[in-house]
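# This is a predicted model, with the sequence first.
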Amino acid sequence: MRPVIEGRARFIIDTLHRHGYRALVVGGSIRDGLMGRVPSDMDIVTDAPGNEICRMFEKERVRKVGRQFSLFLVNGVEVACCRGREESGRFPLNDLGMRDFTVNSMAFDPETGEWFDPFSGRDDLNRGIVRFTGNPEERITEDPLRIVRACRFAAMLGGSIERASFVAIRRHATLLKEQVAPERIRDEIVKAMGAAEPSVFFENLHRIGGLQFVLPCLDRCCELDGGPHHAETVFEHCMLAGNAVPRKYPLLRLAAFLHDTGKYDAATPGEKGITFAGHEKKFDAVHTDLKRLAFSNRRIEYILSIIRVHMRPLTPETGEKAVRRILGFLEAHKVTYRDFMRIRIADKKANLAKKPYTLHDIRVRLEKLKNESEAAKRGFGLKSLALRGEDVMNILDVPEGPRVGEALGFLMKKVAEEPSVNTQEQLEKLLLQHFRK
C-alpha cells in the first residue's frame, strides 16, 4: 500500500526534493493508512534544517510550533526536522528512533517507494500492541504525556500495552501531576472519545495509578458498589454507559463516562443497601476536574447539564403535561431531547441488572418528546417566559450557573401546569417561595 499524497503535502515534498533534501511521510498518517483509515492529516519529516525550511517556504504560511525539536506548520501541514543526531546515512532512522511508539515510528519515501519500519511497528499494529520505541524510560521522561497517550492508543487500537511499557508508565504515573500541562491531558481525553471502546483508556489509566491525577472524580468510583438496583460497580456502570454513546457525539460520550460520579458524594448506607438519592445534583467534583483540565466553560456547562437531566423519568405512561415539564427542564439546561434520550438509552444499557430499551421503547419515548416539542414551538417556550436568566440572577442574588438553569426549569414546570402564572410578579413570587425557604 502506497500512501496517497496530494495537495499541500505534495507541494511541500516536491519543494524539498527540488532543493536537494529528502522528505518522507511519517507517523500517524502511515499508521492510519495501514489501518484502512483515511488520514486526517499528512505529517512530513525531512533532513532539511529549520532555517532552510523557513527560506524555502518564505512565500507560504510558515510557523514554528515545536518546543523540544524543530517542528513547523507549512500551510497547515506538519513538517519536522529530523530528530536525534544528524549522522550521515542515518536519516530517517535517527528520527524514527526518538518517536513515542513503534506504531508511530514508520515512514515512507515517496521518491524511492521505500518503507522504513525499524521497530516492527506494523507487526505491533496488526496485533494491537502499544510499545514504546526503544527505551520506555527515556521516551517517558522526554515527554510524560506519553503515559496518557499509551492508554489512548491502546483504546484506539483495541489492544493492550506491552508489558515493559506498562511497567514503565505505572512507575512514572505521578509525573502526570507534576510535569504535564492540564490542557494537553484534556486533548488526549477528547481524542480518546473517538475509540470504539474509550473505556479501555480510562481502565488503563486506573490500572497504572494515573486516573487519580487525571479525573479523580471518576477514579474514586472504582470500588463503589452500584447498589441494589445494579449488578455492577459505579465505575463499571460509567464505563458501559460511555461506550454505549455513539462516537460521533464525543462530548456527550464524555458526559456519559462522568454521569454517575456524583454517587460517591450522595452514597447513603441503608437497610436494603446503599442508595444515591440526588446524585445528579452532586457535580462539584466533576466541575473541579474539568476546570483543572482547562475545558471551556461551554463544554463544562454542557457536561454538567447532561448530568443534571439524566435522571428525569420518562415512561410510556408519562402524560402530555409531564412531558412538557421534562422539555421545559431540558430547555432550561440547554439540552436537546435527542441528547436526553441518548444518555437515557446509554444509562439503561449500562445497568446489568435490567434489560436495555427495545427499539419500540425508544420510539415510544421519542414520539412523546417530539410531539410535545413541536407543539411547544407553535406555542410556549423558554423565550416566552416572563422572566429571563438575568432576572433570576437579580431576584435570587446568584451568579450565572447551574442554579439559574434549575430556577428556569422550575418556572417552566409551573407555567406548563398553569399558564396564567406567566407574569413577572407571579414568577418572582414563585421563585422566592421555592428557593428562599
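Arrived safely.

# Pretty sure T133 is one of the things T102 touches, is it not?
Yes. Contact status for T102 versus T133: in contact at 5.5 Å, counting by C-beta atoms under 8 Å. All C-beta atoms are positioned from the backbone trio N, CA, C, and that covers glycine.

# wait, C54 sits on R63?
No. In this structure, C54 sits apart from R63 without contact. The criterion is C-beta under 8 Å, and the distance is 9.9 Å.

# Have a look at the two and say which one is more surrounded.
Neighbour count, other C-beta atoms under 10 Å: between C54 and R63, C54 has more, with 15 against 10.

# Quick one: residues contacting L369.
Applying C-beta atoms under 8 Å, 6 or more residues apart in numbering, we find L369 in contact with L314, V323, I326, L327, Y337, F340, M341.

# I'd say the fifth one and R324 touch.
Yep, that's Y337 we're talking about. No. Counting by C-beta under 8 Å, Y337 stays clear of R324, with 11.4 Å between them.

# Just the pLDDT at G113, thanks.
According to the per-residue confidence, G113 scores 90 in pLDDT.

# now do K64
Confidence per residue is given as pLDDT, and for K64 that number is 87.

# beta partners for it?
With DSSP bridges as the criterion, the beta-bridge partners of K64 are F72.

# so how far is G97 from it?
23 Å (C-beta to C-beta, to the nearest Å).

# pull the helix or strand with minimum mean pLDDT from the protein.
The weakest-scoring helix or strand in the chain, judged by mean pLDDT, DSSP states H and E, is helix 402-417 (a mean of 81).

# Next, the angle from the following helix or strand past that helix to helix 402-417.
Note on helix 402-417: by DSSP states H and E, the next helix or strand toward the C-terminus is helix 424-435. When axes from the mean of the first three to the mean of the last three C-alpha atoms, to 10 degrees is applied, the directions of helix 424-435 and helix 402-417 differ by 120 degrees.

# Identify the residues contacting helix 424-435?
Counting by C-beta under 8 Å, 6+ apart, the neighbours of helix 424-435 from elsewhere in the structure are 385-387, 391-392, 395-396, 407, 410-411, 414-415, 420-421.

# Could you do stretch 7-19 as well?
In this structure, residues lying in contact with stretch 7-19 by C-beta under 8 Å, 6+ apart are 5, 22-23, 25, 42, 44, 46, 48, 52, 56-57, 74-77, 79, 110-111.

# which secondary structure elements does the helix or strand containing N126 contact?
Using DSSP H and E, N126 sits in helix 121-127. Helix 121-127 makes packing contacts with helix 28-34 when contacts are defined by 3 or more C-beta pairs under 8 Å, 6 or more residues apart in numbering; DSSP states H and E.

# Contacts only, for D361.
Taking C-beta under 8 Å, 6+ apart, one finds P316 in contact with D361.

# ok, it to F295 distance?
For D361, the distance to F295 (C-beta to C-beta) stands at 33 Å.

# Repeat that for L251.
Distance from L251 to F295, counting by C-beta to C-beta: 9 Å.

# Can you pick out the residue with more neighbours from these two?
Between L251 and F295, F295 has the larger neighbour count (other C-beta under 10 Å), namely 22 against 17.

# Would you state the strands of the stretch 1-150 of the chain in chain order?
23-26, 44-46, 62-64, 71-74, 77-81, 107-109, 114-116, 129-130 (DSSP state E, counting those that start in this stretch).

# How about residues contacting the fourth one?
Contacts to strand 71-74, defined as C-beta under 8 Å, 6+ apart, come from residues 8, 12, 50, 53-54, 57, 60-66, 78-81.

# Report the mean confidence score over that strand.
Taken as a whole, strand 71-74 has a mean pLDDT of 90.

# Offset the numbering so it begins at 7, please.
Right, with 7 as the first residue, what we last looked at is strand 77-80.

# Now that strand: buried residues?
Judged by neighbour count using 16 or more other C-beta atoms under 10 Å, the buried positions of strand 77-80 are L77, F78, V80.

# With only the CA atoms kept, save stretch 17-36 in PDB.
Taking only C-alpha atoms (Å, rounded to 0.1, in the frame of the first residue of the first chain), the coordinates of stretch 17-36 have been written out as PDB:
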ATOM      1  CA  PHE A  17       3.700  20.700  -2.900                       C
ATOM      2  CA  ILE A  18       5.900  20.600   0.300                       C
ATOM      3  CA  ILE A  19       7.500  17.300  -0.600                       C
ATOM      4  CA  ASP A  20       8.200  18.400  -4.200                       C
ATOM      5  CA  THR A  21       9.700  21.700  -3.000                       C
ATOM      6  CA  LEU A  22      12.000  19.900  -0.500                       C
ATOM      7  CA  HIS A  23      13.200  17.500  -3.200                       C
ATOM      8  CA  ARG A  24      13.800  20.300  -5.600                       C
ATOM      9  CA  HIS A  25      16.200  21.900  -3.100                       C
ATOM     10  CA  GLY A  26      18.100  18.700  -2.600                       C
ATOM     11  CA  TYR A  27      16.500  17.400   0.600                       C
ATOM     12  CA  ARG A  28      14.700  14.200   1.400                       C
ATOM     13  CA  ALA A  29      11.100  14.300   2.600                       C
ATOM     14  CA  LEU A  30       9.200  11.300   4.000                       C
ATOM     15  CA  VAL A  31       5.600  10.800   5.100                       C
ATOM     16  CA  VAL A  32       5.800   9.600   8.700                       C
ATOM     17  CA  GLY A  33       3.900   8.800  11.900                       C
ATOM     18  CA  GLY A  34       0.100   8.900  12.300                       C
ATOM     19  CA  SER A  35      -0.700   9.200   8.600                       C
ATOM     20  CA  ILE A  36       1.200   6.000   7.900                       C
END
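
# pLDDT of it, averaged?
Per-residue pLDDT over stretch 17-36 has a mean of 92.

# Any idea how far it is from the middle of the chain?
The chain centroid and the centroid of stretch 17-36 are separated by 32 Å, computed with C-alpha atoms, centre = their mean, to the nearest Å.

# do stretch 135-143 as well
Offset of stretch 135-143 from its chain centre (C-alpha atoms, centre = their mean): 25 Å.

# Give me the residues contacting that stretch.
For stretch 135-143, contacts defined as C-beta under 8 Å, 6+ apart pick out 102-111, 125, 130, 145-146, 152, 156, 159-160, 163, 165-168, 170-171, 173-175, 178.
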